[in-house]
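>>> When you get a sec, could you give me coordinates for this:
(chains A and B)
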Amino acid sequence: GAVVSQHPSRVICKSGTSVKIECRSLDFQATTMFWYRQFPKQSLMLMATSNEGSKATYEQGVEKDKFLINHASLTLSTLTVTSAHPEDSSFYICSASLQGTGEQFFGPGTRLTVL
Amino acid sequence: GESVGLHLPTLSVQEGDNSIINCAYSNSASDYFIWYKQESGKGPQFIIDIRSNMDKRQGQRVTVLLNKTVKHLSLQIAATQPGDSAVYFCADSGGGADGLTFGKGTHLIIQP
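Have a look, this model is predicted:
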């Protein structure tokens, strides 16, 4: 149980375009989902906390207008990287939280490459 | 949140030996601690967790120790196997709906 999926697993896009990444909890309902970013050989950094039906909470230094988050249902959160630039190239990983436990289950990640 | 640090970026051990990976955290309000394993190109995989009301927890071949006095966390892996080769991250949170603060990661290399 507690499986989280992400789609796509890899995406390559041109600079200036937008990319949408989906995060789904497959067998449980997640009132809270989290988005992390990981640059090569570095750790995961929390970008934002996504709560179903409300606006996401962004960490300091993360531009909310650039990284649009929508948590429309208890099993789906999306991250849209708008006007992507090469420096946005990274590994984006989502996690979903089991309500009340604090445990987070991670998706397999999405490798974004912006040319 | 505050950052969680690791002492060693790389740890090399012989297959069959025990390994210990250390982590220092800085947020005294953290009450939930987790160790994750990450293989190249994949998302983090949960290994074991511990809450602040405990100082030791054991799993299959793994043990996590928590010393709240010095804000130190360690992961012990018994009888390491080639499949244990990966980067290991500690992470902490204040629990509930808080996001996780990850440490820098330790690359565990298992030598034959």
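>>> after the lowest-mean-pLDDT helix or strand in chain B comes which helix or strand?
For chain B, scoring each helix and strand by mean pLDDT, DSSP states H and E identifies strand B:4-6 as the least confident one, at a mean of 47. Stepping forward along the backbone from strand B:4-6, the first helix or strand reached (DSSP states H and E) is strand B:10-14.
>>> Could you export the following helix or strand past that next one as PDB, keeping only the C-alpha atoms?
Stepping forward along the backbone from strand B:10-14, the first helix or strand reached (DSSP H and E) is strand B:19-25. The C-alpha trace of strand B:19-25 is given here as PDB (Å, rounded to 0.1, in the frame of the first residue of the first chain):
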ATOM      1  CA  SER B  19      27.800   0.200   8.600                       C
ATOM      2  CA  ILE B  20      26.800   3.300  10.600                       C
ATOM      3  CA  ILE B  21      25.600   6.500   9.000                       C
ATOM      4  CA  ASN B  22      25.400   9.600  11.100                       C
ATOM      5  CA  CYS B  23      23.300  12.700  11.000                       C
ATOM      6  CA  ALA B  24      23.100  15.800  13.000                       C
ATOM      7  CA  TYR B  25      19.900  17.900  13.000                       C
END
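>>> in strand B:19-25, what's buried?
B:Ser19, B:Ile21, B:Asn22, B:Cys23, B:Ala24, B:Tyr25 (16 or more other Cβ atoms under 10 Å in any protein chain shown). Where you see a C-beta, it was placed from the backbone N, CA and C, and this is true even at glycine.
>>> any idea which of these is the one closest to chain A?
Each of the buried residues of strand B:19-25 was checked against chain A using Cβ to the nearest Cβ; the closest is B:Cys23, at 11.4 Å.
>>> Find me the pLDDT at the closest one, would you?
Here, the pLDDT recorded for B:Cys23 equals 94.
>>> Show me what it bridges to in the sheet.
Each beta-bridge partner of B:Cys23 is listed here: B:Leu6, B:Leu73, as defined by DSSP bridges.
>>> and A:Phe34, which of the three is it?
Per DSSP: H, G, I helix; E, B strand; the rest coil, the local secondary structure of A:Phe34 is strand.
>>> residues contacting it?
Residues in contact with A:Phe34 (Cβ atoms under 8 Å, 6 or more residues apart in numbering or on different chains) are A:Leu46, A:Ala48, A:Thr49, A:Ser50, A:Cys94, A:Ser95, A:Ala96, A:Ser97, A:Gln104, B:Gly99, B:Leu100.
>>> One more: A:Thr80?
For A:Thr80, the set of contacting residues under the criterion of Cβ under 8 Å, 6+ apart consists of A:Ser18, A:Val19, A:Lys20, A:Ile21, A:Phe67, A:Leu68, A:Ile69, A:Asn70.
>>> swap the cut-off to 6 Å and go again
Under the criterion of Cβ atoms under 6 Å, 6 or more residues apart in numbering or on different chains, the contact list for A:Thr80 reads A:Ser18, A:Lys20, A:Leu68.
>>> is it true that the first one touches A:Thr82?
Yes: with contact defined as Cβ atoms under 6 Å, A:Ser18 counts as touching A:Thr82 (4.7 Å).
>>> So for these two, which residue has more residues nearby?
Set side by side, A:Ser18 and A:Thr82 give different neighbour counts by other Cβ atoms under 10 Å in any protein chain shown, the larger being at A:Thr82 (15 against 12).
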